[in-house]
Each structure stands twice: as structure tokens, then as C-alpha cells.
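Enquirer: Predicted model, plus sequence, below.
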Amino acid sequence: MTNQGTADRDLESTHCPDCGTVAPLPIVYGYPGPHHIRAALRGEIALGGQVHSPVRPSFECRNEHCGHTFDTPTL
């Protein structure tokens, strides 16, 4: 059993290292299914696509004017 509430609180305290916007979007990689597309449209996740590179950031800033992607959350 995972503790989703704790993960949500940790994400809400995380901020973009470029602009400071809180609660970045987790990036989901791979071919998106219908549930991924709906979650992205609701602004819950960012779609990363099928990446064939060792560099795969974990988060994307939710500020539409920033859009910075980063790996390590900044608390």
C-alpha cells in the first residue's frame, strides 16, 4: 500500500528551480493510454512521450510561461 497523501504533500512543497512555481507536474513517459491523456488534459501530469535517451526529467513546471523540466525536486 502506498501513501499517496504523503507523496501529494511532498509534490506540493516542491518548486521549480527556475521560476519558483510550486507543485510541478510529474512527467509520464511511454505511449499514453486514454487515462494518461485525460490526466494530462486535467493538468495532473505532463506527457513525456517515448524517450530513447538516458536524460529523462521527472518534473515539468506547471507555469505555462516557464515549462522548465527538472529531475530532482527542490524543497
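Expert: Done, it's in.
Enquirer: From here on, just use CA atoms for contacts and neighbour counts.
Expert: Noted.
Enquirer: Who does the residue most central in space within the chain form a beta bridge with?
Expert: Nearest to the mean C-alpha position of the chain, counting by Cα atoms, centre = their mean, stands residue 26 at 1.8 Å. Assessed by DSSP bridges, residue 26 has beta-bridge partners residue 59.
Enquirer: That one contacts residue 40, doesn't it?
Expert: No: counting by Cα atoms under 8 Å, residue 26 does not reach residue 40; the two are 10.1 Å apart.
Enquirer: Need the residues touching each of the two.
Expert: residue 46 (Cα atoms under 8 Å, 6 or more residues apart in numbering).
Enquirer: May I ask you to confirm that residue 68 is in contact with residue 16?
Expert: Yes: the criterion here is Cα under 8 Å, and residue 68 meets it with residue 16 at 7.3 Å.
Enquirer: about what we covered before: check contacts around the residue nearest to the centre of the chain.
Expert: 44-46, 58-60.
Enquirer: try it again with 6 Å
Expert: Contacts for residue 26 (Cα atoms under 6 Å, 6 or more residues apart in numbering) come out as 45, 58-59.
Enquirer: Comparing residue 68 and residue 16, which residue is more hemmed in?
Expert: Under the criterion of other Cα atoms under 10 Å, the comparison of residue 68 against residue 16 puts residue 16 first, with 24 against 17.
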